[in-house]
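**Q** Sequence plus the predicted model coming up.
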Amino acid sequence: MAIVTMPALSPTMTEGKLSRWIVKEGDEVRSGDVIAEIETDKAVMEVEALDDGKVTTIAVAEGTEGVQVGTAIAEILADGEDSTIGQAPAPAAVPAPTSAPAPTPTASPTPTPVASPAPVATPTPAPVVPAPVVPAVSAPTAHKAHGGERIFASPLARRIASQKGVDLSLIKGTGPKGRIIRADVDAATSAASIMAASAPQRQPAGNMAPDTGERSSLNANSSMRMVIAERLQQSWQQAPHFFLDMEICLDPLLSARKSLNEAAPDGVKVSVNDMIIKAAALTLMKHPRINASWEGEHTRQHHHADIAVAVAMEEGLITPIIRDAEAKGVYAISSEVGELATRGRKGGLSPHEYSGGSFTISNLGMFGVSSFTAIINPPHSAILAIGAGVEKPVVRDGEITIATMMSATLACDHRVINGAEGAEWLASFRRFIENPVLALG
Amino acid sequence: MAETIFDLVVIGGGPGGYVAAIRASQLGLKAAVIERENMGGICLNWGCIPTKALLRSAEVKHLAENAADFGLEISGITFDIKKVVERSRSVASRLSAGVSHLMKKNGITVISATASLGPVVENPGGDNARTITLDNGEAITGRSIILATGARARSLPGIEPDGQHIVTYREAMMPETMPQSLIVVGSGAIGIEFASFYRDMGVEVTVLEAVDRILPAEDEEISAMAETIFSRRGITIHKGVQLTGVEVRDGRVHASIGDTVLEADRMILAVGITANTEGLGLEETAIELDRGHVVTDSVMRTAEDGIYAIGDMTGAPWLAHKASHEGIIAAEHIAGQSSGHGLKRDAIPGCTYCRPQIASVGLTEKAAEEAGHTVRVGRFPMLANGKAIALGDDEGLIKTIFDAETGALLGAHMIGPEVTELIQGFVIARTLETTEEELMQTVFPHPTLSEAMHESVLDAFDKAIHF
């Protein structure tokens, strides 16, 4: 029953050369037999028959170049079937076989100017499977960019990029002849992690448009910027975000902080943020579902709270990771954040100090932001956005009193986290913030 | 000469300076090198090369003495130290002549003098330039300057080398007579090479080291194995000791380590080096020093406009090949052809030509762990390598260290026959950023010592075949 059409060997292929027929008209073929060879500028592929039958027509001669994808190249008929080539168009209602990778030629392929007996219109595509054979020119390996260009990158750069989900085609190589080296991938991931918390980046002074009278000007995007764009766009498009918002009373934590600071070792000053890190870490241990990463086939469960903390810098942000925060005291967290932030500002962090992690906290309270939503920083499944602590009238036991309130907005990846799970997490987080003594438990 | 303005003036004609001048000349710059002694510097005249010649004599002697192991009979082996030194000197002078020829071939002006930086000359033909004053009363002018003055042996406070009983590397490589006993202070590459040479020549050798292991820059396992082998060769090693005083009495050196006094005919001081920064006029410039070394950026620029510094004077590792690479980086930057990346310091190999040889690149196991890596370590002993057994030289170990997560080759550490020739394989691997996979897929020729490198990589991933 089948019209065999010119298969697409790659998503971008539009035409190819029919280099060789393995069968001739009148041959009996069985499903899986190789019937022809197709050649593109990159590879030679075999075309297999998926049905048993007899080759009744060969519509495109061997050696024909520029055969459009979808063009009928042959017909294989089982006993008793009638030829459709040269007959009226097949009814539009005929569904394309779902198993066939060949595209449905709805776009009315141009008939080939060869021995085709009659113009062919919208034939039912035959189920053909192109099988890779010998690479003709260069190996069509996975090391290709979307456009088919070969990407030159060191083996280590490739491996780290694949581990961190970085698209090599977006990175500009700085190695010999533009080869992508490890440092380029590290720079790209560091840029992505610097951006982690969807925080505003201040425009560096040197980048301001010169006063040329033009109303706008074009600035080339750096490769770092491209990776940031790619990663956050990917997160926003692939991770179905939902947001949970809660108002949390900060007063008990503020007084606990006062006591902590009175007893603090020299040089340590605990910030509200340090305590939020600790509370979030403890909450993650209580609700491990939030401390996970979506990896398609499976979900990776993290067993420690490795918290990426967005730290404000003069020219943007950096997000060093406090590892095993659940097991660290607030003083230790405070010193570590301080130390990492200081080195981060000098650009002195190693990749392992800012990549990976399992959860992000972004605090824009110091800018006076009352509440905001943040984009999840892959591979994390959630990000906690903290607003400013503000004194507000609140009703307590039927009376209006003044309390310092802070908003906490949890953005969750719905692929990993259900609404109720996110809500339970946030409620537990509030309990830790409003009862700092629970951290002892 | 004062009328000529050079595009580049290099001060120091060692392996950093002369290489920088050649590269600059290849890129079309008019270059001059000022050298106060011999072209080729310490490396070629008083370091790397002549010591390799000495060690070769020691190796041949060792083989001859063990000829019976190979079914040969050689008797009555003696040596004449004068001839051994003579050979070493002729090797050095042949190479120094070669460098002079290279200078001529590349149209580089070589000036035999001691130089110091003079004042900046404003706008001679467009660019600023700087005068360089020479000790012969003349001066030359250069648009860019590369300082490549190297380093010299460090001395210990209170212990003054007298050139006879207490010596440094220079006298140590030109002994007129052989001592019966020798104390080597310092167990870095230089100290250990001399210890190995003198021991093979029949001298009673004692090595003193301040820290708790010999060859402190190497991986701990390599240090330990080296110590075992050296001790078996009859070298006495005292670790974790401080030299508290040295006296020369009746032609003998008396070295005090606390209450213990060691006696020997001679003492070699090999306790590190000091950068040659004096007398250059650096004080008049913005050039910064950090613990005695000139501070540079990744393209070897100092803080003073137009002045670069390379090699030993810029700090560790104090190796000729590091100096040469820095010279090329500086010359290319001056010619406007910067490669963008500075020298990858963790991809600079280090070699010690003692018996057995030692070579390494990258992080030691301990340093890798301290840097936060989860490591996979591979080990392969030379005693399981066919070629090593055939050579009759099967003592040694090849150790490789990988990052468990990324498969990056973090370091390689070797001790054994010809490992100084083998290490480049791992250096290339690091430079090309291979992972364990490419190293495993590489076909190593059989039978070679290099197969032990392959097996070590396989062992790191529990796939070793022959052990």
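**A** Sure thing, it's come through.
**Q** Right, and chain A sits closest to which residue of the stretch 101-250 of chain B?
**A** Of all residues in the stretch 101-250 of chain B, B:D219 sits closest to chain A, at 21.2 Å by CB to the nearest CB. Backbone N, C-alpha and C define where each C-beta goes, glycine included.
**Q** I'd like to know how many residues surround that residue.
**A** B:D219 has 27 neighbouring residues, counting by other CB atoms under 10 Å in any protein chain shown.
**Q** Please tell me how far it sits from B:M414.
**A** Applying CB to CB, to the nearest Å, the value for B:D219 to B:M414 is 9 Å.
**Q** ok, now A:R215?
**A** From A:R215 to B:M414 the distance is 64 Å (CB to CB).
**Q** same check, this time on B:I235
**A** With distances taken as CB to CB, B:I235 is found 20 Å from B:M414.
**Q** Out of the two, name the residue with the larger neighbour count.
**A** The neighbour comparison of B:I235 against B:M414 (other CB under 10 Å) goes to B:M414, with 33 against 23.
**Q** Beyond the helix or strand containing that one, next helix or strand please.
**A** Using DSSP states H and E, the element containing B:M414 is strand B:409-416. Note on strand B:409-416: by DSSP H and E, the next helix or strand toward the C-terminus is helix B:419-431.
**Q** Show me what the next helix-or-strand element following that following helix is packed against.
**A** Next in sequence after helix B:419-431, counting helices and strands by DSSP H and E, comes helix B:436-441. Here helix B:436-441 touches helix B:451-460, going by 3 or more CB pairs under 8 Å, 6 or more residues apart in numbering or on different chains; DSSP states H and E.
**Q** angle of the helix it packs on against strand B:409-416?
**A** Angle, helix B:451-460 to strand B:409-416, by axes from the mean of the first three to the mean of the last three CA atoms, to 10 degrees: 130 degrees.
**Q** From the contact counts, what lies against helix B:451-460?
**A** Counting contacts by 3+ CB pairs under 8 Å, 6+ apart, helix B:451-460 is packed against strand B:375-381, helix B:386-391, strand B:397-403, strand B:409-416, helix B:419-431, helix B:436-441.
**Q** could you give the angle of the fourth one to strand B:375-381?
**A** Following the same axes, to 10 degrees, one obtains 20 degrees for the angle between strand B:409-416 and strand B:375-381.
**Q** Retrieve the pLDDT associated with A:H287.
**A** Listed pLDDT for A:H287 reads 94.
**Q** can you check A:I3 too?
**A** 77.
**Q** Show me the domain layout of chain B.
**A** The domain map for chain B lists B:5-152+B:274-345, B:166-271, B:356-460, with the assignment taken from automatic domain parsing.
**Q** And chain A, by the same measure?
**A** According to automatic domain parsing, chain A comprises the domains A:1-94+A:124-143, A:145-195, A:241-440.
**Q** closest one to chain B among those?
**A** domain A:145-195 (3.4 Å).
**Q** does any part of that closest one sit near chain B?
**A** Yes - judged by CB under 8 Å from any CB of the partner chain, domain A:145-195 comes into contact with chain B through A:154-157, A:159-160, A:163, A:174-175, A:181-183.
**Q** Which among these count as buried?
**A** Neighbour counting with 16 or more other CB atoms under 10 Å in any protein chain shown marks A:154-157, A:159-160, A:174-175, A:181-183 as buried within those.
**Q** hang on, the earlier thing: any chance of JSON lines for the domains of chain A, columns distance to B:I183?
**A** Below are the domains of chain A laid out as JSON lines (distance: least, CB to CB, whole Å):
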{"stretch": "domain A:1-94+A:124-143", "distance to B:I183": "59"}
{"stretch": "domain A:145-195", "distance to B:I183": "46"}
{"stretch": "domain A:241-440", "distance to B:I183": "42"}
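**Q** Lowest average confidence across those, which one?
**A** domain A:1-94+A:124-143 (a mean of 67).
**Q** these two touch, right, A:G344 and A:Y354?
**A** Yes - the pair A:G344 / A:Y354 is scored as a contact, 7.4 Å apart, by CB atoms under 8 Å.
**Q** Centre-most residue in the chain?
**A** No chain in the question, so chain A it is. Closest to where the C-alpha atoms of chain A average out (CA atoms, centre = their mean) is A:Q234, at 4.1 Å.
**Q** ah, no, chain B please
**A** Closest to where the C-alpha atoms of chain B average out (CA atoms, centre = their mean) is B:L319, at 3.9 Å.
**Q** what pLDDT does that residue get?
**A** The model reports B:L319 with a pLDDT of 95.
**Q** Against chain A, how distant is it?
**A** 23 Å (CB to the nearest CB, to the nearest Å).
**Q** quick one, phi psi at that residue?
**A** Dihedral pair for B:L319: phi -130, psi 140, per degrees, to the nearest 10.
**Q** again, but for A:A49
**A** Dihedral pair for A:A49: phi -80, psi 140, per degrees, to the nearest 10.
**Q** With the flanking residues excluded, which residue is spatially nearest to it?
**A** Residue nearest to A:A49 in three dimensions, not counting chain neighbours: A:V29, with 4.7 Å by CB to CB, 6 or more residues apart in numbering or on different chains.
**Q** Same question for B:V295.
**A** Of all residues not flanking B:V295 in the chain, B:E288 sits nearest, at 4.3 Å (CB to CB, 6+ apart).
**Q** After the helix or strand A:A332 falls within, which helix or strand is next?
**A** A:A332 is part of helix A:330-345 when elements are defined by DSSP H and E. Downstream of helix A:330-345, the first helix or strand assigned by DSSP H and E is helix A:351-354.
**Q** Run a quick neighbour tally on residue 342.
**A** Just so you know, I chose chain A. A:T342 has 11 neighbouring residues, counting by other CB under 10 Å.
**Q** To clarify, I was referring to chain B.
**A** Neighbours of B:G342 using other CB under 10 Å come to 16.
**Q** now B:L343
**A** B:L343: 16 neighbours (other CB under 10 Å).
**Q** again with the one 10 residues further on
**A** A count of nearby residues for B:Y353, using other CB under 10 Å, gives 23.
**Q** next one: B:G163
**A** 10.
**Q** what does the helix or strand harbouring B:A92 rub up against?
**A** Using DSSP H and E, B:A92 maps to helix B:81-105. Identification of contacts with helix B:81-105 by CB atoms under 8 Å, 6 or more residues apart in numbering or on different chains yields B:13, B:18, B:21-22, B:33, B:38-40, B:44-46, B:49-54, B:57, B:110, B:173-178, B:201.
**Q** Show me what secondary structure element comes after that helix.
**A** Taking DSSP H and E, what comes next after helix B:81-105 is strand B:109-112.
**Q** on contacts alone, who are the packing partners of the next helix or strand after that following strand?
**A** Using DSSP H and E, the next helix or strand after strand B:109-112 towards the C-terminus is strand B:115-121. Counting contacts by 3+ CB pairs under 8 Å, 6+ apart, strand B:115-121 packs against strand B:129-134, strand B:139-147.
**Q** Sheet partners, orientation included, of strand B:115-121?
**A** Note on strand B:115-121: by DSSP bridges, its sheet partners are strand B:129-134 (antiparallel).
**Q** Identify all contacting residues around the strand it pairs with.
**A** Counting by CB under 8 Å, 6+ apart, B:5, B:9, B:11, B:34, B:111, B:113-121, B:139-143, B:145, B:281, B:306-307 sit against strand B:129-134.
**Q** Could you report the neighbour count for B:I415?
**A** Neighbourhood size, B:I415 [other CB under 10 Å]: 28.
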